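Novice: okay, predicted coordinates and the sequence, questions at the end:
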Amino acid sequence: MNFLEERIAKDGVVKEGNVLKVDSFLNHQMDIELFDEMGAEFKRRFANENINKILTIEASGIGIACIAAMHFHVPVVFAKKSQSVNLDGEMYVAEVESFTHKCKNQVIVSKKFLSPDDHVLIIDDFLANGYALQGLISIVHEAGATVEGIGIAVEKGFQIGGQVIRNLGYHLESLAIVESMDPAAGTVNFREQD
Ligand code: G4P
Ligand code: NA
Ligand code: NA
């Protein structure tokens with residue numbers, strides 16, 4: 001197991017409905033030393049990509065993206081989520097279906113902060129069905145910018161998102177890929193990675 005898988009095994013809590021709670025170290029209380037290790041690992045895995053910007057989405061992606069950005073020496077842009085509103089043309093917008101909350105949201109980035117010159121690393125905490133991620137990808141394309149890679153902390157390998165994104169040809173790196181979880185035993189099984 002790598003450092004993140006070990007931490008999930010130790011402090012993650014498996015809930016009914018295939019939900020993994022990691023709020024003691026990842027997406028409520030945040031262990032910044034762990035984030036720093038994650039940032040270093042993203043830098044190692046994307047060493048061959050020429051990245052000048054990190055894009056993430058509020059809320060839980062922001063902390064991870066900011067610490068990762070210290071390793072890439074690039075700015076972070078976070079996409080904002082809102083209920084559908086009228087926009088004035090100054091924004092890139094993607095419609096995103098929320099599987100969990102059964103509603104449609106807009107993901108929004110100002111046109112000031114993404115342009116055709118940008119080579120973007122997308123970062124997020126979880127990858128499940130990947131709808132939020134597809135929204136971010138479509139915004140990068142709308143800007144004429146390039147997706148150089150996608151870095152995820154925890155991928156739920158039994159949901160469809162990871163497969164869809166890899167089949168589209170993106171360089172997707174997930175630091176931990178959960179294959180299955182057992183709520184009764186409280187155990188998490190991870191996919192082997194090199
Ligand atoms: P997706 O299609 O974008 O992959 O997401 P999905 O609708 O399946 O999940 C909705 C939200 O729940 C997302 O956060 C996602 O990161 C998070 N999530 C999905 N599975 C798990 C899980 O097992 N454990 C935890 N802790 N989170 C999970 P969000 O509400 O859109 O963002 P945020 O505001 O929390 O950052
Ligand atoms: Na998230
Ligand atoms: Na989340």
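Specialist: That came in fine, so what should we check first? Ligands and ions are numbered 1, 2, ... in the order given.

Novice: what packs against the helix ranked longest in the chain?
Specialist: When the chain is scanned for its longest helix (criterion: DSSP state H), the result is helix 32-45. In terms of contacts (3 or more C-beta pairs under 8 Å, 6 or more residues apart in numbering; DSSP states H and E), helix 32-45 is packed against helix 3-11, helix 61-72, strand 146-156, strand 172-182. The way it works is simple: take the backbone N, C-alpha and C, and place the C-beta from them, glycine included.

Novice: now with 7 Å, please.
Specialist: Under the contact criterion of 3 or more C-beta pairs under 7 Å, 6 or more residues apart in numbering; DSSP states H and E, helix 32-45 touches helix 3-11, helix 61-72, strand 172-182.

Novice: and among the ones you listed, the most buried is which?
Specialist: Highest mean neighbour count among the helices and strands packed on helix 32-45 (mean count of other C-beta atoms under 10 Å): helix 61-72, with a mean of 21.

Novice: for that one, the distance to its chain's centre please.
Specialist: Its chain's C-alpha centre lies 11 Å from the corresponding centre of helix 61-72 when counted by C-alpha atoms, centre = their mean, to the nearest Å.

Novice: which parts of the following helix or strand past that helix are buried?
Specialist: Going down the chain from helix 61-72, the next helix or strand is strand 76-82, by DSSP states H and E. By neighbour count with 16 or more other C-beta atoms under 10 Å, strand 76-82 contains the buried residues 76-79, 81.

Novice: among those, find the lowest-pLDDT one for me.
Specialist: Among these, Lys81 has the lowest pLDDT, at 93.

Novice: each with direction, which strands does the helix or strand that the longest helix of the chain is followed by pair with?
Specialist: Where DSSP H and E defines the elements, the next helix or strand beyond helix 32-45 is strand 53-57. If you go by DSSP bridges, strand 53-57 pairs up with strand 76-82 (parallel), strand 119-127 (parallel).

Novice: out of these, which is closest to ligand 1?
Specialist: strand 119-127 (3.3 Å; C-beta to the nearest ligand atom).

Novice: quick revisit: reformat the strands paired with strand 53-57 as TSV; add distance to ligand 2.
Specialist: TSV is the format used below for the strands paired with strand 53-57 (distance: least, C-beta to the ion, whole Å):
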stretch	distance to ligand 2
strand 76-82	10
strand 119-127	5
